[in-house]
Each structure stands twice: as structure tokens, then as C-alpha cells.
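Trainee: My questions are about this predicted structure, shown below with the sequence.
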Amino acid sequence: MVNRQAVAIASLLLLVASVVLAVVVGVQRFPRGLSVLACVAVALASAWWALIHRGPLRIAGLVGAGALLAAAVLLVALEGRVLEDALILAGLVLSIEAARRMFIVHVKLPAGSSPQRPVLFYNPKSGGGKAERFQVAREASARGVEPVELHLGADLEKLVRDAISSGADMVGVAGGDGTQAIVAAIAAERGIPYVCVPAGTRNHFALDLGVDRDDVVGALDAFTSGGERVVDLAEVNGRVFVNNVSLGVYAESVQRDGYRDAKLRTIADTIPSVLGPGGENLDLRWTGADGRDHETGAVVLVSNDRYRLGRVLGSGTRPRLDAGVLGITVAGGGAAEGAGTRVEEWAAPSFEIRSDGPVAAGIDGEAARLEPPLRFRTRPNALRVRIAPQHPGASPSAAMPEGPWDAIRTIARIAVHGNLLASAGLR
């Protein structure tokens, strides 16, 4: 059990010590410190230039960024205070990690009825072979769960429907998020419980459900002794997704042949064609939260409930999966609005993207092309999920304050009062 008061005190002390040391060092280095910041800022601009260009222009941008970062490191080294910089960075990192651990919750979910015929579908190759490495089939059988191996070319949807028609009253899947979405959609349709076993590569859905991604075998306990929670699903043009649908740069990247073997290189090669001079200027049009029509050629992300983006704590996770909304994030403007780095975020129960032709999409990481208009909608409280009792049962950001100042104030209150956040689910 985490002693939250002790962790809060440690987090605050590390933060204060790091800030004080940073101020002292900054004053002593003035004005050379400004030169370091200038080098870093221009280096970032040069790196962006490299991303949106190809060939010699990309090489020039990368060389410039590297040279400027080297200059910044050299300026720091000339001060002879590398140890102080390392202490500042280490203090901030440790303070953030302590705060992150302090806000993690473990929810006691209500127990569900025991299934008569639970079935687990597993992909032996998913996540680099996790299901085979952890002997998921054997462990499932030991718990009275029927394992069904998915072979190349298998029709998963048909297999799941046939199993339910034959009496399966709880279904689970050990595989990636695209596979999870197929099984979850059918379980929701038939009104039976679903179990998520984190045997994929990243397992984003498992993380936000509160399944311990490092405990693949333990996740199987959800079949026999799991607690139950009800969460949302979302869909685009009738196709269910559990995490998100990405349009723009990422979506164009996943369509390319080399994406699976070289993801970062493929994305880097795609960026110039979307964001660079003379780029394709993708035709994506929508009505924003302000009621005005907009367009973009950069990135649109529509998620099943809202992501916590751009935060120090819990960024990239969803605090809730039962809010009954879509999370909508749009980055960059199109030709009509001028290119830029504008980012908009809002939530809505439905959303529509218009276009004059088929739209490339990444649906839970899987490549697809969708016919316009793209109609997104949330399906609130659609899915009954069983989660092993030893797993958190809630997202790692479920109890995290929204902003940095809120986080600091909350940590300070915990440091003084210890159990002040009990009402938020912290125990």
C-alpha cells in the first residue's frame, strides 16, 4: 500500500529543491543561459523544417539542428556545471514520477456472476508472441476457459458469433486493440461480459480500462473472479473502435507498405507530402465546437472518450471511459485557414468529417479507407467489462488533477492531511 502522504512530501521537496537550484544556476549563468535557450529553440525549428522537407533540405535541417544542440551542450559544458544540471533534471523527473504514483487508484469493482462457458480468443503472434510466451492457452484452460487460437486469415467476427450462438456467455481476447474492438463490439451487441487480456504491442485500451499491462496471465482471473464495470464504445460509419480514429499524417502513414517494418521512417517520409510545401493538402472538412466550418491537412484524432493530452501527468491516457462522449482533437490548418500549429480540443456525442473522396484512416492502429461523410458517434454504457480483482480497475489518470497548479495544490494538501483525496477514490 502506497503511503500517499510520504510520497506527496517527497514529491514537493524534490520539486522545490529542483526549482531553487535552477533559479540559482540561472542567475549565476546569466546571460549565457539565454544563449543556450536560443540554441535549443532554433534547433527545434530546424528539426521541424527537416520533417516537412525531403532530400537536401531535410539533410540541411537535420545538420543545423544537430549543430545547434551541440552548441547548447558545449555552452553548458564550458560553465563546468554539468553536475548541477543533472541534479536539476533528476529532481524534476523524480518529483513527477512520485506524483504519478501517488495519484494511481485501485477501484474495488462489484463482482459479476460466474460464467458457465467462457471463451478466450487469442492471437499467438500479437505483441511479438506474448500469448505464446506467457502460455495463455494453457493458463486459460486451467481456469476453465476455452481457448480458441486465431490463425492467419481467420474470420474472427464469425468465430465469436458462432461461439456465442453455441452457448458462450463470456468472451475475451488476447491480442492487439484492433482485435479487441471486434470482440468487444459483438459482446456489447449480445449483452455478455467481455475480458481484455493485454497481449498486444501497446495495449492502450487495457491501460485505460485499468488492466495491468504487465500482468498478462493475471488478466485471465477476470473470467473467474473479476469485478465488472460498464464502459463506452464508439463507432465511425458503423465500425466500432475502442481507442481512436486518426486522420491525416498518421493515417496516411499506416496505408504505406513499409509501415509495419519501419514505422518512424515511414511517418517521417509521409510528413512532407502532407505538411510540406506543395503537399497534398488533404481534403478534410468539419464543423468545429464554435459552429464554424473548418478544414485541415494535418491531424484529426477522434477518440472513444476524451484523452488527457499535453499534460505532465497522465498524458495520452483517458481518465474516464464512461463519460459518453467523443474526444475530438484537430491540429494544423488547411489552405483555407493558413498552415499553422493551432490545436483545438473538445468533446461531443457525435462528429462528422466531410470530403470529396475516400479518406485514409487509422482505426485503432489498423489501416482503412472510409467513404465520406465520416460519421462518428459514441455508444454510451455499451460494454460490460470484467477486470481481475488484483488489477487497478481504473485509468492511471482517473484521479489526477487537470492542470499543473491543481496538481501542486492537491499534492500539498495530501502532504498536510494525508487522506484528503479519499473521496476521489484514493485509498
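Mentor: Sure, I can see it. Numbers count the residues shown, from 1 in each chain.
Trainee: what ranges do the helices span in the stretch 251-400 of the chain?
Mentor: Using DSSP state H, counting those that start in this stretch, the helices of the stretch 251-400 of the chain run over residues 263-275.
Trainee: can you give me the strands in it?
Mentor: Remark: strands assigned in the stretch 251-400 of the chain by DSSP state E, counting those that start in this stretch are 284-287, 293-296, 299-304, 326-331, 343-348, 350-354, 359-363, 366-370, 374-387.
Trainee: closest one to H417 among these?
Mentor: strand 374-387 (30.1 Å; CB to CB). C-beta here means a position set from N, CA and C on the backbone, and glycine is covered the same way.
Trainee: Only alpha carbons, please: show the following helix or strand past the closest one as PDB.
Mentor: Going down the chain from strand 374-387, the next helix or strand is helix 404-417, by DSSP states H and E. The C-alpha trace of helix 404-417 is given here as PDB (Å, rounded to 0.1, in the frame of the first residue of the first chain):
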ATOM      1  CA  PRO A 404      -0.200  21.600 -13.100                       C
ATOM      2  CA  TRP A 405      -1.200  24.200 -10.500                       C
ATOM      3  CA  ASP A 406      -4.200  22.000  -9.400                       C
ATOM      4  CA  ALA A 407      -1.800  19.100  -9.100                       C
ATOM      5  CA  ILE A 408       0.700  21.000  -7.000                       C
ATOM      6  CA  ARG A 409      -2.100  22.300  -4.700                       C
ATOM      7  CA  THR A 410      -3.600  18.800  -4.400                       C
ATOM      8  CA  ILE A 411      -0.100  17.300  -3.600                       C
ATOM      9  CA  ALA A 412       0.400  19.900  -0.900                       C
ATOM     10  CA  ARG A 413      -3.000  19.100   0.700                       C
ATOM     11  CA  ILE A 414      -2.100  15.400   0.700                       C
ATOM     12  CA  ALA A 415       1.200  16.200   2.300                       C
ATOM     13  CA  VAL A 416      -0.500  18.000   5.100                       C
ATOM     14  CA  HIS A 417      -3.700  16.000   5.600                       C
END
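Trainee: quick one: helix 404-417 to chain centroid distance?
Mentor: On the basis of CA atoms, centre = their mean, to the nearest Å, helix 404-417 sits 25 Å off its chain's mean C-alpha point.
Trainee: before we move on, what about stretch 17-26?
Mentor: Chain-centre distance of stretch 17-26: 33 Å, with CA atoms, centre = their mean.
Trainee: hang on, the earlier thing: and the strands of the stretch 251-400 of the chain, which one's lowest on average pLDDT?
Mentor: Ranked by mean pLDDT, the strands of the stretch 251-400 of the chain bottom out at strand 293-296, with a mean of 81.
Trainee: how about that strand: buried residues?
Mentor: Buried positions in strand 293-296, judged by neighbour count with 16 or more other CB atoms under 10 Å: H294, E295, T296.
Trainee: Also stretch 356-363?
Mentor: V359, A360, A361, G362, I363.
Trainee: Equivalent analysis for stretch 112-130, please.
Mentor: In stretch 112-130, counting by 16+ other CB under 10 Å, buried: 112, 115, 118-127, 130.
Trainee: Please flag which of those sit within strands.
Mentor: Mapping the buried residues of stretch 112-130 onto strands (DSSP state E) picks out P118, V119, L120, F121, Y122.
Trainee: What residues does the residue sitting nearest the centre point of the chain make contact with?
Mentor: Centroid check for the chain by CA atoms, centre = their mean gives G316 as the closest residue, at 3.9 Å. Going by CB atoms under 8 Å, 6 or more residues apart in numbering, G316 touches Y307, R308, L309.
Trainee: try 7 Å this time
Mentor: Contacts for G316 (CB atoms under 7 Å, 6 or more residues apart in numbering) come out as Y307, L309.
Trainee: Tell me how far it lies from K125.
Mentor: Per CB to CB, to the nearest Å, G316 is found 26 Å from K125.
Trainee: any chance of the buried residues of stretch 356-363 in TSV, plus distance to N237?
Mentor: Formatted as TSV, those follow (distance: CB to CB, whole Å):
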residue	distance to N237
V359	10
A360	14
A361	10
G362	15
I363	10
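Trainee: so which of the residues you listed comes closest to I164?
Mentor: Nearest to I164 among those is I363, at 23.3 Å by CB to CB.
Trainee: my read: the closest one touches F241, true?
Mentor: Yes: I363 is in contact with F241 according to CB atoms under 7 Å; the separation is 5.3 Å.
Trainee: Please identify the helix or strand for G172.
Mentor: Using DSSP H and E, G172 falls within strand 170-175.
Trainee: Do a quick rundown of the helices in the stretch 51-200 of the chain.
Mentor: Counting by DSSP H, counting those that start in this stretch, the helices of the stretch 51-200 of the chain are 55-79, 82-102, 126-133, 136-142, 156-165, 177-190.
Trainee: winner for burial among those helices?
Mentor: Most buried of these, by mean neighbour count (mean count of other CB atoms under 10 Å): helix 177-190, with a mean of 22.
Trainee: average pLDDT for that helix?
Mentor: 96.
Trainee: And the contacts of it?
Mentor: By CB under 7 Å, 6+ apart, the surrounding residues in contact with helix 177-190 are 121, 123, 126, 156-157, 160-161, 164, 171, 173, 193-194, 196, 200, 204-205, 233, 240-243, 364-366, 382-383.
Trainee: Pull the distance from it to the chain's centre.
Mentor: Relative to its chain's centre, helix 177-190 lies at 19 Å (CA atoms, centre = their mean).
Trainee: ok, A199 to D364 distance?
Mentor: In this structure, A199 and D364 are 15 Å apart, going by CB to CB.
Trainee: Look at the two and report which has more neighbours.
Mentor: Each of A199 and D364 has its neighbours counted (other CB atoms under 10 Å); A199 has more, 30 against 24.
Trainee: Quick check on that one: phi, psi?
Mentor: With angles defined as degrees, to the nearest 10, A199 shows backbone torsions of phi -110, psi 20.
Trainee: Return, as residue ranges, the portions of the protein with sub-threshold pLDDT.
Mentor: Applying pLDDT under 70 to the chain flags the ranges 1-2, 29-33, 48-55, 58, 78-81, 249-282, 297-298, 310-314, 332-342, 418-427.
Trainee: Per the annotation, how does it divide into domains?
Mentor: 4-105+400-424, 118-241, 245-381 (automatic domain parsing).
Trainee: so of these, which one's packed in deepest?
Mentor: Of the domains of the chain, domain 118-241 is the most buried (mean count of other CB under 10 Å), at a mean of 20.
Trainee: List the residues that contact R229.
Mentor: Residues counted as contacts of R229 (CB under 7 Å, 6+ apart) are L109, V385, I387, G393.
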